[in-house]
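A.B. asks: build the 3D model from these lines:
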Amino acid sequence: MPDEVTVTVRYLFKPGMEIIGRQLLSEFIELNRKEPGCLDTILHRDRKNPASFMTISHWESMDKFMELLNLERVKTSAEKGKQLLARGFEVEIWTALGKKAGD
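C.D. replies: Okay, here's the model as predicted:
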């Protein structure tokens, strides 16, 4: 478990781009889930702002996540998504300190 990483990415879409943005994120996630090293990825939407989304991904290692970032389809998707975003996406990388709360 020490090598596993959790990656959160926040997206804020321009007004009127929420549905298209959600569809692109859903398609992107389905492809990511098939990548070696991806343990899971889940899409979340802000309850107060329907234009605000976040993905939470769990990866076997930082190396596996970095392999994803180097894929041409990821670079292309990021460029396409920039046109829909109100601001750049925000990425954070986390390491779990234990398997259960309190560990």
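A.B. asks: touching, Ser26 and Arg45? I think so.
C.D. replies: No. Between Ser26 and Arg45 there is no contact under Cβ atoms under 8 Å: 11.2 Å. (Each C-beta comes from the backbone N, C-alpha and C, glycine too.)
A.B. asks: these two: which is more packed in?
C.D. replies: Neighbour count, other Cβ atoms under 10 Å: between Ser26 and Arg45, Arg45 has more, with 15 against 11.
A.B. asks: next, that one: phi, psi?
C.D. replies: Main-chain dihedrals, Arg45, degrees, to the nearest 10: phi -120, psi 140.
A.B. asks: just the pLDDT for it.
C.D. replies: We have a pLDDT of 97 for Arg45.
A.B. asks: thought it was touching Thr55?
C.D. replies: No. The criterion here is Cβ under 8 Å, and Arg45 misses it with Thr55 at 10.6 Å.
A.B. asks: tell me the contacts of the residue nearest to Glu60 when sequence neighbours are not counted?
C.D. replies: Residue nearest to Glu60 in three dimensions, not counting chain neighbours: Gly37, with 4.3 Å by Cβ to Cβ, 6 or more residues apart in numbering. By Cβ atoms under 8 Å, 6 or more residues apart in numbering, Gly37 lies in contact with 59-61, 63-65, 67-68.
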